[in-house]
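Participant: Provide a 3D model corresponding to the input given below.
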Amino acid sequence: MTTAQSDQLEALQKRALRIILHPITLPYNTALAYCQTESLKLQRYNSQNKFFKQICHPENCLHDLLPPKRDPSVSLQLRHPTVYPIPQVRTNRYCSFINYALKKYQ
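Facilitator: Okay, here's the model as predicted:
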């Protein structure tokens with residue numbers, strides 16, 4: 001999903017909240033809290049994070065797509081330790097979910 005598409009969906013949710021809460025005019029974040037919901041961006045982030053955490057379990061069928069774990073002795077020497085090494089790619093074109101998740105959710 002592109003940023004423009006994400007912004008369009010978020011604008012649609014804003015408009016829907018304004019229609020639902022018609023006589024009341026609230027700021028977007030307050031309206032989200034009033035309706036006990038989250039922004040679509042936060043919902044996507046949480047679901048992607050949950051999916052990555054599920055992949056990290058060895059019994060998951062997609063676990064084999066992850067690179068081998070780092071040696072704990074190496075991780076202790078790093079400034080920003082991660083369980084899995086983050087692959088270095090030269091372009092943004094090679095951006096699978098696994099590479100994206102390794103960068104974002106560890």
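Participant: What segments of this structure are helices?
Facilitator: Counting by DSSP state H, the chain has helices at residues 3-20, 28-34, 40-55, 72-75, 97-104.
Participant: Sketch out the low-pLDDT regions of the chain for me.
Facilitator: 92-95 (pLDDT under 70).
Participant: would TSV of the helices of the chain with mean neighbour count be doable?
Facilitator: C-beta here means a position set from N, CA and C on the backbone, and glycine is covered the same way. Shown next, in TSV, are the helices of the chain (neighbours: other Cβ atoms under 10 Å):
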stretch	mean neighbour count
helix 3-20	12
helix 28-34	14
helix 40-55	14
helix 72-75	10
helix 97-104	15
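Participant: closest to residue 90 out of these?
Facilitator: Residue 90 lies closest to helix 97-104 among the helices of the chain, at 12.3 Å (Cβ to Cβ).
Participant: who's in contact with residue 14?
Facilitator: Neighbouring residues of residue 14 by Cβ atoms under 8 Å, 6 or more residues apart in numbering: residue 28.
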